[in-house]
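Q: Provided below for reference: sequence and predicted model.
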Amino acid sequence: MNATLQLKLPILEENAVRVTPEGRLSVHDLLRAVEVPVPELAWTDLLRAHPGHTRGAVQYDFGEGPVPVLPKAAALRVLMVIDTPRAAKLRDWMSTTLLRLADGDVTLAAEIAERNPDPRRRRWLSARLDGLEARKTFMARVAEHGGSGAVFRQVSSISNRSVLGLDSTSFRALRGVRDTRDGMTREELARMTYLEIASAEALEASGARGNDQILEVHQRVAERERALWQGMFSQASD
């Protein structure tokens, strides 16, 4: 079955751009979406004038004969050299979006979440943000209690091994991510959040000072969290 989807860019949302099962976009549809008068001729010109932008194009038949298709990233590069008002408007939006990302505009994250149709992914994002706050709080407590140097890496290692059963390098390779927490499930994020909040509170309550005492407290809390989770898991399995 030939699939058609909306390319999810605000400037182009009303224009259907066909996509292959592998996620490649129809070049002709994309050019038509930015109001190029004759997409077929424009594509021929692009192949000659901008070979770097058109690299990766292959032919695909949506049922009406073969047409050129490109991976999404390559298709967006093509739009960088299209001289139409609509393409210019899209480039302005892309520039603004990049600057919002660079400035840490949290409303951009909210907009992305609203555009995602999967409620599970939105709940994952919420757990990811909760984890971010917990981590910042925990690391601040480590510093306040005299932590320095390698201790920040060491407490992270304890957390990862306790919750994930792996060091961060092995975990990232296994899940195919660059950031450890981006590869965690919502359950793993929730466990990590609980562990780091509990450890921050334990450091305050114990009055621990210096790297050795900090590590001892965190290790103790990690063992307690793991035992608690394993007990809950065992009860759920019975």
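A: Perfect, thanks for sending it. Here the structure is a predicted model, which means the values were calculated and not measured.
Q: in this structure, which segments are predicted with low confidence?
A: 1-15, 233-238 (pLDDT under 70).
Q: Quick one: name whatever helix or strand follows the host helix or strand of Leu203.
A: Assigned by DSSP states H and E, Leu203 falls within helix 186-206. As assigned by DSSP H and E, the chain's next helix or strand after helix 186-206 is helix 210-237.
Q: Please identify the buried residues of that next one?
A: Asn211, Gln213, Ile214, Leu215, Val217, His218, Val221, Ala222, Glu225, Arg226, Trp229 (16 or more other Cβ atoms under 10 Å). Where C-beta positions appear, they are placed from N, C-alpha and C, glycine not excepted.
Q: which secondary structure elements does the helix holding Leu203 contact?
A: Where contact means 3 or more Cβ pairs under 8 Å, 6 or more residues apart in numbering; DSSP states H and E, helix 186-206 is packed against helix 119-144, helix 151-163, helix 210-237.
Q: Could you save the ones you listed as JSON lines and add columns showing distance to His53?
A: Converted to JSON lines, the helices and strands packed on helix 186-206 look like this (distance: least, Cβ to Cβ, whole Å):
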{"stretch": "helix 119-144", "distance to His53": "31"}
{"stretch": "helix 151-163", "distance to His53": "41"}
{"stretch": "helix 210-237", "distance to His53": "50"}
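Q: What's the local residue count around Thr193?
A: 22 (other Cβ atoms under 10 Å).
Q: contacting residues around it?
A: Contact analysis of Thr193 by Cβ atoms under 8 Å, 6 or more residues apart in numbering lists Ala127, Asp130, Gly131, Ala134.
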